[in-house]
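In: Return atomic coordinates for the entry below.
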Amino acid sequence: MKTNVSYKERILNDCANKVITVDIAATRLRLSRRQIHRYIKRIRSKDKWIDRRNGLEPKNKTPALVIKRICDKHNEIVRICPVSYAQFYDEYMDSNIKVSLSTLQRILRKTGKISYLSREYKKKKIHPIRPRREKQGELLQLDACFDYWLNNWQKICCLISVDDATSKIGGIRFEKQETTIGYYHVLHQTLTNEGIPEVLYTDFRSVFVNNRYKFQNVSYDKLHSTQFGNATKRLGIKIISTMSPQAKGKVERKHWTLCNRLKTQLRTRGIKTIEEANEFAKEYIKYLNKKFAVNTNAPSAYRRKLTNEEANFVLSTLETRKICNGNIEIDGTIVTTTLNGVNRPLSDNQYCVVHKTLDGSILVEQYDHYYQTRIVASKTLPVSYTRKPSNVFVPDEDHFLRNVSIVLEI
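Out: Okay, here's the model as predicted:
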């Protein structure tokens, strides 16, 4: 605790002149008796009673030029997007400036640059903390977050998967909406990079749960009879759905980290399209996993990794179609089946299963046999097509409606 110099000098002079005792001076200045005797000895020897370094700048003081460079760099980043002290220190600080995080916070606060995270939080309801799973790949949490991620100021959706044991991001994908295809891409990254997990922890979105049986006591197969549920069933992955965000708190907390760090990176780099954001996010999560992931000594619970072709085939959308004249109509396009490059039309008036794989190719399954497809015709309208005008009633010249004026009185 610092004491006023004039007050300290007056107390020590009174003690040296025996106006007050040493004990009283030590109590008022909050110093020991030994230190009071040192100061009295200096006063009586006509030496400076105060600290000999008083008025001198400390050797480890941050130079004014360095403070100016830090403030200028912070202003440059804040003009684009708000940034926290920790992210500015980790990702935007000049490598030639050697200051600690606490020093950086003190400099920015002293100059009036308050972090947007420095606010008073309301008292939150405390929820019991569920312990982490022991093995990596034992439980994977999935969720999505809508925010203004890019510079075009349009809300888009960020879908991620987080490992429960290590808090490691397994996959990330930006889409316009929270769709099945978006979660397919997230799971595709996990399957090809890590392997097949055991359990997925999700919410009650229609992507994971059939809305028809949402609040009914039905079997697992009926509850998860969706496209995503069928894909996880083929992989042997179990889905656990919950309606509480606190139950999957790790993925919720990871979204908070991405909103603070990834959004700033996307805006400062001038990324405006979803395709560019997806390419950058795949590389950026490697840095986040290295910085925030928790190491575990337990063996991994992931099963074998899938190749790109295997993952694309497993993560496909299934539709049932009826064969007509050996052809199949799919999304306004008529296709026929081929086998080894040769046309192999299937029998008429029978049903088949169409597989729309994640990479865009179309396969047809019938009686456990798979066929490739070839486009025969398209039902899209030609460019020269013009819609016929609708039949609009036009009254004759002598019709009574032409001679009637209607006045609305309010």
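
In: Which strand residues bridge residue 336?
Out: On the basis of DSSP bridges, residue 336 is bridged to residue 327, residue 374.

In: Test my guess that it contacts residue 342.
Out: No. Counting by Cβ atoms under 8 Å, residue 342 is not a contact partner of residue 336; they are 10.9 Å apart. For every residue, glycine as well, the C-beta is placed using N, CA and C.

In: Which one's more surrounded, the two?
Out: Per other Cβ atoms under 10 Å, whichever of residue 336 and residue 342 has more neighbours is residue 336, with 20 against 6.

In: what sits against that one?
Out: 326, 327, 328, 343, 345, 373, 374, 376 (Cβ atoms under 8 Å, 6 or more residues apart in numbering).

In: Check residue 251 too.
Out: Remark: with contacts taken as Cβ under 8 Å, 6+ apart, residue 251 is in contact with 141, 142, 143, 160, 161, 162, 201.

In: what secondary structure does the fourth one sit in?
Out: Okay, so that is residue 160. Each residue gets one of three states, and residue 160 gets strand by DSSP: H, G, I helix; E, B strand; the rest coil.

In: Give me the pLDDT value at the nearest residue to it once chain neighbours are set aside.
Out: Here the nearest residue to residue 160 in space, its sequence neighbours aside, is residue 172; by Cβ to Cβ, 6 or more residues apart in numbering that works out to 4.9 Å. What the model reports for residue 172 is a pLDDT of 95.

In: Wait, a helix at residue 259?
Out: Yes. Counting by three-state DSSP, residue 259 is located in a helix.

In: so it sits right up against residue 160, yeah?
Out: No. Contact between residue 259 and residue 160 fails when scored by Cβ under 8 Å: they sit 11.4 Å apart.

In: before we move on, back to that, touching, the residue nearest to residue 160 and residue 149? I think so.
Out: No. Assessed by Cβ under 8 Å, residue 172 is found out of contact with residue 149, at 11.2 Å.

In: what touches both of these two?
Out: Shared between the contact lists of residue 172 and residue 149 (criterion: Cβ under 8 Å, 6+ apart) are residues residue 158.

In: For residue 235, see how far away residue 64 is.
Out: Applying Cβ to Cβ, to the nearest Å, the value for residue 64 to residue 235 is 61 Å.

In: again with residue 242
Out: Distance, residue 242 to residue 235, by Cβ to Cβ: 21 Å.

In: With residue 39 instead?
Out: Here the criterion is Cβ to Cβ. By it, residue 39 lies 78 Å from residue 235.

In: burial count for the residue lying closest to residue 271 once chain neighbours are set aside?
Out: By the measure of Cβ to Cβ, 6+ apart, the closest residue to residue 271 outside its immediate chain neighbours is residue 277, 5.3 Å from it. When counting by other Cβ under 10 Å, one arrives at 23 neighbours for residue 277.

In: Name the SS class of residue 277, please.
Out: For residue 277, the assignment made with three-state DSSP gives helix.

In: Residue 39 too?
Out: Using three-state DSSP, the secondary structure recorded for residue 39 is helix.

In: mind listing what residue 14 touches?
Out: Contact criterion Cβ under 8 Å, 6+ apart gives 20, 25 as the residues in contact with residue 14.

In: Distance check, it against residue 29.
Out: The gap separating residue 14 from residue 29 is 11 Å, by Cβ to Cβ.

In: what's the burial count for residue 218?
Out: Counted with other Cβ under 10 Å, the neighbours of residue 218 add up to 14.

In: Next: residue 345.
Out: Counted with other Cβ under 10 Å, the neighbours of residue 345 add up to 14.

In: okay but it is in contact with residue 327, surely?
Out: Yes. Distance between residue 345 and residue 327: 7.3 Å, which falls inside the contact criterion (Cβ under 8 Å).

In: Now residue 322: phi and psi?
Out: Dihedral pair for residue 322: phi -100, psi 140, per degrees, to the nearest 10.

In: Tell me the spacing between it and residue 364.
Out: Residue 322 sits 12 Å away from residue 364, taking Cβ to Cβ as the criterion.

In: Can you pick out the residue with more neighbours from these two?
Out: Neighbour tally, residue 322 and residue 364, criterion other Cβ under 10 Å: the higher count belongs to residue 364, 23 against 11.

In: Can you name the residues that contact that one?
Out: So, once contact is read as Cβ under 8 Å, 6+ apart, residue 364 ends up touching 328, 337, 346, 352, 353, 354, 355, 370, 371, 372, 373.

In: Repeat the analysis, applying 6 Å as the threshold.
Out: 337, 352, 354, 371 (Cβ atoms under 6 Å, 6 or more residues apart in numbering).

In: Cheers, nothing more for now.
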